[in-house]
Structures are given as C-alpha cells and as structure tokens.
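> From the sequence below, what's the structure:
(2 chains)
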Amino acid sequence: MSTEYNGYVTEETIEGTEDGPLAGKTVAIKDNISTEGVPTTCGSAMLEGYVPPYDATVVSRVKEAGGTIPGKTNMDEFGMGTTNETSAFGSVENPAAEGHVPGGSSGGSAAVVAAGDADMALGSDTGGSVRCPAAFCGVVGIKPTYGLVSRYGLVAYANSLEQIGPLAPTVEEAAELLEVIAGPDEHDGTTRDATDHGTDYDFAAAADGDVDGLSIGVPTELVEGADEEVVETFWDAIDELEAQGASYHEVELPSVEHAVEAYYVIAMSEASSNLARFDGVRYGPSPDYEGNWNEEFAKVREEGFGPEVKRRVLLGTYALSAGYQDKYYKKAQDARAWVKQDFDEALSEADVLASPTMPVPPFELGESLDDPLKMYLADANTTPVNLANLPAISVPAGETSDGLPVGLQLVGPAFGEKTIIRAGSALA
Amino acid sequence: MSDSVVDPDEVGHVADLARVDLSEEEREQFAEQFADILSYFETLEEVPDIEREPELTNVMRPDERRESLSQDEALRNAPETEDGYFKGPKVS
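Okay, here's the model as predicted:
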C-alpha cells in the first residue's frame, strides 16, 4: 500500500490545468467520487476494478482550478461507517493517534491530510463522514449546506442527506477548496445558487478570524452525554472564542434526542433503494449465470457487500416494508422536520451553534466492530445537521490528556458557510 | 421486550426481499444485532406528529438531445456483454 497507514485505495496522479487557485496543491479524492479513467471502488469489493467513464463535477472543478489529484482515498464501504473499518481494502490507522481509527467514513481523506501526504482532500458527509474524521485526525472539515455542492458523480448512499465537502489543515485552506467546488450544476437538480440566498462564494476571504460580537449557542443535549475530557476541551475552545470577543448562551434542542435513530432509518431506507443497482450486470463481480436473475443477483450481492452494507440494506428494506413504513420511516421524517424547526429556532437567536464534533475521542482499532449500535451512537452530534440540511465545520479544539484529537463543531444557518468559516478560523 | 424482535427466519425473509444471500451464521448474528437496533429505532414513537411542509420543487429542463456516454463507454465495466448489450442471467 502506498502509505503505511493505508490512506489510499489507489495512488495515481491526475494532473490539473497549470493555472488556477489550486495550482501547486494536491487534492486527494474520496473513493466514492468518480474520476474518469481511474478506479473508484467506494471501499467495496463490489466495485473493485470499476473505472468510471466520466469525472464527477467536483473533480472537473478541482482539475480546472489547477489542483493535482494524488490518489483516491480509503473509506468505509459505500460511506457506511464511523471508523473506516468497514472498508474492503483494510482499516486506516490514524496518523495523529497511533493504534486508533481515523474516523469515518472519509477516514482516508482526513488521514492523508493529517499525515501531510496531500495538501487537501474531498470527502462526503451523509451523517458526519467529513466532520468525524476531521475531528479524529485533528484537521478541518466542512459539511456544506445541502445543495451548495454538486453531487454529480458521487456514488449515492443516501441522497437526501449527503454533501461533498473539503478537508484541510486550516480553515482558510478548506474554504479555498470549498470555493472551487461550490455552485450550481446542471447535472445535479438539487444544487442551488448561494447568490439566490443572500450570500456569495467568497469563502476564503471569510477566514479572517474575526469573532468580535459573535453569538454562540451551545445546545446542552449535545454536550451533556459526551466524554468528560472531550467536554473539558470543548469548553476551553469556547473560552478562547470568548476571549476573542464572542459570547455564548445555552440553548435547548429537545428533538436531537431522536436524531440518530431518525438519521439511520432514513439513510438505511435510501441505501436499500440506491444499492439495488449493484446487480453484477453493468459492473461488479462476474457472476456465473447458473441460476435465474434473482438467484444470481442475490449471490453477487452476498459476495460483493461487506457485513455493514448488508445490515443497512436489510434494515432499510425492513423499515420500508409493508406494515412497518408508518412506524419507522414516517416517524423518522417527523423527527427530521422537528430537528429542522429546533435548529431554525436556536439559530434565530445565535449566529452559530457549537458542540463537540464527536462525543468521544477516536476509538481504538477494532473496538466497535462487533457492536454496530455503539458505532451509530457516536454520530449523535453530527447527524442532526444533515437532517436539518445545514452547514457545519469541524475545527481542532485540542487534545485529551492521552494526546487524542478533539474537534469543535460549529453549525450555521442555511447558506451561512461564511459565518462558520469566520468563526472557525479564530481557532485554526 | 419490543414487538419487532426478529428471528433468523425473518432476517432471511428480508434478505430475500433485498436480494442478498446470507449464510446461516450471518442470519443469526443479524437477528441478534437487529433486535438491539430496532428497539432503539422504536424510540421514534416518542416523536410528536409534526406539521411538515415539503420543501420540494420540480427541476425541469428542455427535453433536448445532448452528449452522453458512448455505447463502448457504457459497457466498459460490464463483466459480460454480447453484441453491444449487457448480458445478464435469465429472468426466469
């Protein structure tokens, strides 16, 4: 493997144009984002050897901006994981915390940035998959407002939740990369133009560190259950922002108590439909065609999918099946609407909402593999943001006494990227 | 205990619906894990009914012919093709 911590699935250089804002920079790409002529596996045996015939819009934009792509980064299979351990191509070791996971699902993207093997990287964030690895590896990660960045060429996991986002060592660099990839795309009907929402795309210039007068809301529900040392580190970072002129008050978001289960019901339901395309006919492992369509289909999927993907496809199928849809899927949509209302209310009285990005420090390698629910519960602070379609940034807040990175999450209103970038840049 | 506890047979039934073969071992392991996960999902019962206004709009474009993948490009990743078509197993 190309890095000792297994950060890349494929190391192959794709040159960009000579000039542009990213000239001279390397931008690693998560392996669920299509690169023309370069394998894109989604961390799955199902797509081993799959070579996309076209570039994702974000890849075209990185190349046009002069960025060089050094390779495709390792990830949880189809983005389904919080530790990067569900990858069919092996776990990634956290370069910032030996023996620990880098977080997931964009674990390889965060790891190559943390190790200095790439200047920046792109990940995708369905329920925290950019912010979690950014926090665990001590780098910056941004999950944009739903619709800010094109998903054309991103292999779908849960369309109503996911966004592509940048990872980088500093807020300013992450903002530079966001500036390059953001903006409407005729190939993705869910993209929206920020200028129609009272703002613009000058993200890098917003990284001026000016938090004088910034009002920070702290949702008590997202702090209370967290690990003690994580909470201490979080408050130290809030103190630092206060010293620079920000103020904070506590807010309540009662709906977020149900965010994780709502997220998983919705994401699994969407996944069960999205992953139906993997049938071994247009791509995937070669079937032997002994049985009929359904038998072959089921065989290819047994071979091609790992346990976490099977779990989510099955649970999604179950949640959407006759008799259970009202109980799970409809209630999850209610919870999603409730979460949105709560955030809108809290953000009407604060510029940003702050919490620890992850309630726990990085897991040890292997720690959560046999207990999927334990892994899901670690997404408590990141999933509400996807349910509410809002932008959020994770910036390094400090370390635990064992030297494990802790991230601070700042959530802004829809299309409030500049606000969270400005606030985050006061810390990193 | 919740009413949605699933046994290995039920896991097998859902796996059939989802077209994923499972080994006996996977069925048993999933039945155990699903019991935990589903009883956790059941706390959604506590969520009040919310008035939801769907933020959905149709995004249309003119139905005009434009560039797309060539047949070769579209077939390039298929394990088997015949005469310019995807080749799949028999339907029944």
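
> contacts, neighbours, all on C-alpha from now
Noted.

> dump the residue contacts of the most centrally placed residue in chain B.
Note on chain B: the residue nearest the mean C-alpha position is B:Ala18, at 6.3 Å, using CA atoms, centre = their mean. B:Ala18 is in contact with A:272, A:276, A:313-314, A:317, counting by CA atoms under 8 Å, 6 or more residues apart in numbering or on different chains.

> Distance-wise, check the closest residue to A:Ala168 other than its chain neighbours relative to chain B.
Excluding its sequence neighbours, the residue lying closest to A:Ala168 (CA to CA, 6 or more residues apart in numbering or on different chains) is A:Met120, at 4.6 Å. Distance of A:Met120 to chain B, given as CA to the nearest CA, to the nearest Å: 30 Å.

> so A:Met120 bridges to which residues?
A:Val27 (DSSP bridges).

> Just give the number of residues close to it.
31 (other CA atoms under 10 Å in any protein chain shown).

> Quick check: which ranges of chain B have low pLDDT?
B:1-4 (pLDDT under 70).

> what about the strands in the chain?
Using chain A here. With DSSP state E as the definition, chain A shows strands at residue ranges A:8-10, A:27-30, A:72-73, A:120-125, A:140-143, A:163-168, A:215-219, A:247-251, A:352-356, A:392-399, A:405-411.

> think we crossed wires, I meant chain B
Going by DSSP E, chain B shows strands at B:81-82, B:85-86.

> Please identify the most buried of the ones you listed.
Compared across those, strand B:85-86 shows the largest average neighbour count, a mean of 16 (mean count of other CA atoms under 10 Å in any protein chain shown).

> quick one: contacts of that one?
A:281-282, B:75, B:78, B:80.

> Dump the strands of chain A to JSON lines, plus mean pLDDT.
As requested, the strands of chain A are exported to JSON lines (pLDDT from 0 to 100):
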{"stretch": "strand A:8-10", "mean pLDDT": "98"}
{"stretch": "strand A:27-30", "mean pLDDT": "98"}
{"stretch": "strand A:72-73", "mean pLDDT": "98"}
{"stretch": "strand A:120-125", "mean pLDDT": "98"}
{"stretch": "strand A:140-143", "mean pLDDT": "98"}
{"stretch": "strand A:163-168", "mean pLDDT": "98"}
{"stretch": "strand A:215-219", "mean pLDDT": "98"}
{"stretch": "strand A:247-251", "mean pLDDT": "98"}
{"stretch": "strand A:352-356", "mean pLDDT": "98"}
{"stretch": "strand A:392-399", "mean pLDDT": "98"}
{"stretch": "strand A:405-411", "mean pLDDT": "98"}
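
> most neighbours per residue, which of the ones you listed?
strand A:140-143 (a mean of 34).

> Tell me which strands that strand pairs with, and in which orientation.
In the sheet, strand A:140-143 lines up with strand A:163-168 (antiparallel), strand A:392-399 (antiparallel) (DSSP bridges).

> for the closest residue to B:Phe34 other than its chain neighbours, phi and psi?
Closest residue to B:Phe34 apart from its sequence neighbours, by CA to CA, 6+ apart: B:Val6 at 7.0 Å. Dihedral pair for B:Val6: phi -110, psi 140, per degrees, to the nearest 10.

> Enumerate every residue touching B:Val6.
B:31-32, B:34-35.

> Would you list the buried entries among those?
By neighbour count, with 16 or more other CA atoms under 10 Å in any protein chain shown, the contacts of B:Val6 hold B:31, B:34-35 as buried.

> Including distance to A:Ser286, could those go into JSON lines?
Shown next, in JSON lines, are the buried ones among the contacts of B:Val6 (distance: CA to CA, whole Å):
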{"residue": "B:Ala31", "distance to A:Ser286": "30"}
{"residue": "B:Phe34", "distance to A:Ser286": "31"}
{"residue": "B:Ala35", "distance to A:Ser286": "34"}
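
> which one of the residues you listed is nearest chain A?
Checking those against chain A with CA to the nearest CA, the nearest one is B:Phe34 at 7.7 Å.

> count of residues packed around the closest residue to A:Pro413 other than its chain neighbours?
Spatially, and ignoring its direct neighbours in sequence, A:Pro413 is nearest to A:Leu390 (6.1 Å; CA to CA, 6+ apart). By other CA under 10 Å, 23 other residues sit near A:Leu390.

> looking at it, A:Leu390 is touching A:Pro144, isn't it?
Yes - under the criterion of CA atoms under 8 Å, A:Leu390 makes contact with A:Pro144 at 7.0 Å.

> Give me the common contacts of these two.
Joint contacts of A:Leu390 and A:Pro144 (CA under 8 Å, 6+ apart) are A:Phe415.

> How are the helices of the chain distributed by residue range?
Let's take chain A. A:57-64, A:107-114, A:131-137, A:171-181, A:221-224, A:228-243, A:259-274, A:293-304, A:307-320, A:331-347, A:372-377, A:383-387, A:417-424 (DSSP state H).

> Chain B is the one I meant
B:8-17, B:24-41, B:71-75.

> And these: which comes nearest A:His197?
helix B:24-41 (35.2 Å; CA to CA).

> what about stretch A:71-86 and chain B, any contact?
No - counting by CA under 8 Å from any CA of the partner chain, chain B is not contacted by stretch A:71-86; separation bottoms out at 15.0 Å.

> First-to-last residue distance for that stretch?
Distance between the two ends of stretch A:71-86: 20 Å, counting by CA to CA, to the nearest Å.

> Stretch A:137-148 too?
This stretch, stretch A:137-148, spans 25 Å end to end (CA to CA).

> need the contact list for residue 43.
Defaulting to chain A. A:Gly43 makes contact with A:9, A:31-32, A:74-78, A:87-89, according to CA under 8 Å, 6+ apart.

> try again with chain B
By CA under 8 Å, 6+ apart, the neighbours of B:Thr43 are A:258, A:261.

> re earlier: pick the one among the contacts of B:Val6 closest to A:Gln409.
Nearest member of those to A:Gln409, counting by CA to CA, is B:Phe34, at 30.7 Å.

> Quick check: the closest one touching B:Val5?
Yes - using CA under 8 Å, B:Phe34 is in contact with B:Val5, at 7.5 Å.

> Quick check: A:Pro396 touching A:Ala428?
Yes - applying CA under 8 Å, one finds A:Pro396 in contact with A:Ala428, separated by 6.8 Å.

> can you list residues touching both of those two?
Common neighbours of A:Pro396 and A:Ala428 (CA under 8 Å, 6+ apart) are A:Val140.

> so where is the stretch 1-150 of chain A shaky, pLDDT-wise?
For the stretch 1-150 of chain A (pLDDT under 70), the answer is A:1-2.

> Give me every residue in it lying close to chain B.
Counting by CA under 8 Å from any CA, the stretch 1-150 of chain A sits next to chain B at A:50-51, A:53.

> Just among those, which is most surrounded?
Busiest of the residues of the stretch 1-150 of chain A next to chain B [other CA under 10 Å] is A:Tyr50, holding 21 neighbours.

> How about that residue, nearest residue that isn't a chain neighbour?
Spatial nearest neighbour of A:Tyr50, chain neighbours left out: A:Pro39 (5.5 Å); criterion: CA to CA, 6+ apart.
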